[in-house]
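In: fold the following.
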Amino acid sequence: MLGRLYAVIFICAVIVALWYQRKFLESSAKELNTQLTFENSVLSTSTAMNFQNFSYENGRLKYSFSGNKITYFTDNHFEAEGNLVYEAFDTEEKKTITIKTDKAFGQIDANKQNDSQNDTLPIATNSRIKNATLPGDVFFDFDGNVGKANQVFIDMENEFISSKKPFTSNGPQGNLKGNGFKYSIPEEEFRINSNVNGDVKLKESKN
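Out: Sure thing, here's the model as predicted:
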């Protein structure tokens, strides 16, 4: 009789131990999943208000990007909003391009820092911007040719600006409309993708 009692107690003890083990494993798995989810999450690292980002090459100003607010994230992307202005400069630091919009997002190169570093600025503020997508309405000025487009992509590394959407432009090259364009920053060359329409004025040869 006593042996049966011990057997029942032993079985109950085993059941309780297995129950606690199961609860421990479930809790550990949940904690691990939470940790993995946190590690894989894209989190903001810093936010700068009324920011200005300058990019230099061999001491020469190449472009500037400014606006009301910019937020940097752990996957090296940024999101900016409010009175955004992108400006590009030629070899004599003369402003040749101005682009204005309200929202932008893109990638930064965390391994490359701008020349004008300031340790008091938020993390990533000095990081060089690789590219930017402007999803909304964009107002541009390409060396006097003023126009409007949307969904514009700026590639700071390869130095071109493009859009696949319809645009309008007025200026020295004429009153133009088309479906998409690509502008080479160093060559100052504007190419229309398709459906060109308007009064085109060709530049006179300098020879």
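In: C-alpha only now, for contacts and for neighbours.
Out: Noted.
In: in terms of pLDDT, where does Lys100 sit?
Out: Looking at Lys100, its pLDDT is 96.
In: any buried residues in stretch 53-72, and which?
Out: Neighbour-count burial for stretch 53-72, counted by 16 or more other CA atoms under 10 Å, picks out 53-55, 61-72.
In: could I get the contacting residues of Leu84?
Out: Phe65, Ser66, Gly67, Asn68, Lys100, Thr101, Asp102, Lys103, Ala104 (CA atoms under 8 Å, 6 or more residues apart in numbering).
In: so it is in which element?
Out: Using DSSP states H and E, Leu84 sits within strand 77-89.
In: re the thing from before, looking at the buried residues of stretch 53-72, which is nearest Gly82?
Out: When those are compared for distance to Gly82 (CA to CA), Asn68 wins out at 4.9 Å.
In: confirm for me that the closest one is in contact with Thr47.
Out: No. The criterion here is CA atoms under 8 Å, and Asn68 misses it with Thr47 at 10.6 Å.
In: contacts for stretch 149-166, please.
Out: 129-140, 167-168, 177-186, 193.
In: end-to-end on it?
Out: With CA to CA, to the nearest Å as the measure, stretch 149-166 spans 7 Å from end to end.
In: show me what counts as buried in stretch 72-83.
Out: The neighbour-count check on stretch 72-83 (16+ other CA under 10 Å) flags Tyr72, Phe73, Asn76, His77, Phe78, Glu79, Ala80, Glu81, Gly82 as buried.
In: I'd like the average pLDDT over it.
Out: Averaged over stretch 72-83, pLDDT sits at 92.
In: let's have the chain start at 119 instead
Out: Understood, numbering begins at 119; the last thing we discussed is stretch 190-201.
In: quick one: end-to-end length of it, please.
Out: 18 Å.
In: what are the contacting residues of that stretch?
Out: So stretch 190-201 is contacted by 160-165, 184-189, 218-228, 242 (CA under 8 Å, 6+ apart).
In: list the buried residues of the lengthiest strand in the chain.
Out: Counting residues, the longest strand found in the chain (DSSP state E) is strand 213-231. Neighbour-count burial for strand 213-231, counted by 16+ other CA under 10 Å, picks out 213-228, 231.
In: what's the first helix or strand after the lowest-mean-pLDDT helix or strand in the chain?
Out: None of the helices or strands of the chain scores lower by mean pLDDT, DSSP states H and E than helix 120-158, at a mean of 59. Toward the C-terminal end, the helix or strand that comes next after helix 120-158 (DSSP H and E) is strand 162-175.
In: quick check: mean pLDDT of that following strand?
Out: Strand 162-175 carries an average pLDDT of 88.
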